[in-house]
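[1] I would like to see how this sequence folds:
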Amino acid sequence: MLFIFGLKMLGSPQTARRGNLVSSSGMFLAVLVTLLDQSIIDFTWIIVG
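    Okay, here's the model as predicted:
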C-alpha cells in the first residue's frame, strides 16, 4: 500500500520527494517482513546475494 501511495505522490513536483520516501519505506518494510518470515530456515543464500 505504501508503495502505491508513494508512486501516486511522484506525479507532482511538490510531493515527489515525500512520495519517494514513502515508496522506499514501503519497500524496506516489505523486504524486512519477508526476511522475518518463519519459513526461511537458512539465510546462507540471502547473505551470499
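[2] all contacts plus neighbour counts: C-alpha atoms, from now on.
    OK.
[3] separation between G6 and F28?
    Distance check for G6 against F28: by C-alpha to C-alpha, to the nearest Å, it reads 13 Å.
[4] list the contacts for F3?
    Neighbouring residues of F3 by C-alpha atoms under 8 Å, 6 or more residues apart in numbering: 22-27.
[5] out of the residues you listed, who's nearest I41?
    M27 (22.3 Å; C-alpha to C-alpha).
[6] Spatially nearest residue to the closest one (excluding sequence neighbours)?
    Distance criterion C-alpha to C-alpha, 6 or more residues apart in numbering; nearest residue to M27, sequence neighbours excluded, is F3 at 6.6 Å.
[7] ok, back up a step: just the buried ones from the contacts of F3, in PyMOL syntax?
    Restricted to buried positions by 16 or more other C-alpha atoms under 10 Å, the PyMOL selection for the contacts of F3 reads:
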select buried, resi 22+23+26
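[8] Tabulate the contacts of F3 (JSON lines), appending distance to L35.
    Output for these, formatted as JSON lines (distance: C-alpha to C-alpha, whole Å):
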{"residue": "V22", "distance to L35": "20"}
{"residue": "S23", "distance to L35": "19"}
{"residue": "S24", "distance to L35": "17"}
{"residue": "S25", "distance to L35": "15"}
{"residue": "G26", "distance to L35": "14"}
{"residue": "M27", "distance to L35": "12"}
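[9] pLDDT value on the residue lying closest to L2 once chain neighbours are set aside, please?
    Spatially, and ignoring its direct neighbours in sequence, L2 is nearest to G26 (4.9 Å; C-alpha to C-alpha, 6+ apart). With respect to pLDDT, G26 has a value of 95.
[10] State the helix or strand in which G26 lies.
    Here G26 is covered by helix 16-35, with elements defined by DSSP states H and E.
[11] just checking, what packs against that helix?
    The elements that helix 16-35 packs onto, with contact taken as 3 or more C-alpha pairs under 8 Å, 6 or more residues apart in numbering; DSSP states H and E, are helix 2-9.
[12] tell me which residues in the helix it packs on are buried?
    For helix 2-9, a neighbour-count test (16+ other C-alpha under 10 Å) marks 2-3, 6, 9 as buried.
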